[in-house]
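S.K.: with the sequence up front, the predicted model follows.
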Amino acid sequence: MHGIIHKTLEEYVIAKTDEETWDSIVDRADIEPTLYLPVSSYDDAEIEAVLETLSSLAVQKRRQIERDFGRALAPELLSTFAAHVRDDGDLFAVLERLESIVESVDTTTNANAVPTVSGTRESPDCVRVTYRTHREPCYCGVAQGILEGMADTFETEATVTETACVADGDETCVFRVERVERV
């Protein structure tokens, strides 16, 4: 996985707990302590080991941890790949361009590392996002959290609802991102 994911997961755990807890999780996960660089690639197994260890120690379910982490990851991804995301301030326009944004990200180190993501406008205030990855598990909780974090970053009140999931036997994970009408 891309180093920004590893780096942000470490920062997320430390922010939620402390550095000693991060060190303990790394030790329990049986991975080597690493200074994660955002522009490098690291073994997917490390993310899985950290998330599995974290969920075994936490009172939250794994899916909720993934979503919360995804919300923290979204602004980091948008910042890291800002050159690929034309920031016109419109969440739904960015979601519609997800496929071309993901394709434009440099994947020369591991072309299979990037999931297939696309956004289809269903209405002016709704985009259907389709997500597929070769990874097991599919990390759809992280994907949903990223979409929620993107809405927060773009200061758009929106709901993100998963309507299909690979974990349930579907071919792809599908999310509906819909603007919330203020009453």
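M.R.: Yes, it's here.
S.K.: now the helix or strand encompassing residue 13: mean pLDDT?
M.R.: In this structure, residue 13 sits in helix 3-16 according to DSSP states H and E. Summarised as a single mean, pLDDT over helix 3-16 is 94.
S.K.: how about it: buried residues?
M.R.: 3-10, 12-13 (16 or more other Cβ atoms under 10 Å). C-beta here means a position set from N, CA and C on the backbone, and glycine is covered the same way.
S.K.: and the residues you listed as CSV, adding distance to residue 50?
M.R.: Formatted as CSV, those follow (distance: Cβ to Cβ, whole Å):
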residue, distance to residue 50
3, 14
4, 15
5, 10
6, 8
7, 12
8, 11
9, 6
10, 8
12, 10
13, 7
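S.K.: quick one: residue 151 and residue 13, what's the gap?
M.R.: Distance of residue 151 to residue 13, computed by Cβ to Cβ, to the nearest Å: 23 Å.
S.K.: flag every buried residue along the longest helix belonging to the chain.
M.R.: Identified as the longest helix of the chain according to DSSP state H is helix 62-80. For helix 62-80, a neighbour-count test (16+ other Cβ under 10 Å) marks 63, 65-74, 76-78, 80 as buried.
S.K.: helices and strands around the helix or strand just after it, which ones?
M.R.: Note on helix 62-80: by DSSP H and E, the next helix or strand toward the C-terminus is helix 91-96. Using 3 or more Cβ pairs under 8 Å, 6 or more residues apart in numbering; DSSP states H and E, the elements in contact with helix 91-96 are strand 116-123, strand 126-132, helix 140-153, strand 173-179.
S.K.: at 10 Å what do you get?
M.R.: strand 116-123, strand 126-132, helix 140-153, strand 158-164, strand 173-179 (3 or more Cβ pairs under 10 Å, 6 or more residues apart in numbering; DSSP states H and E).
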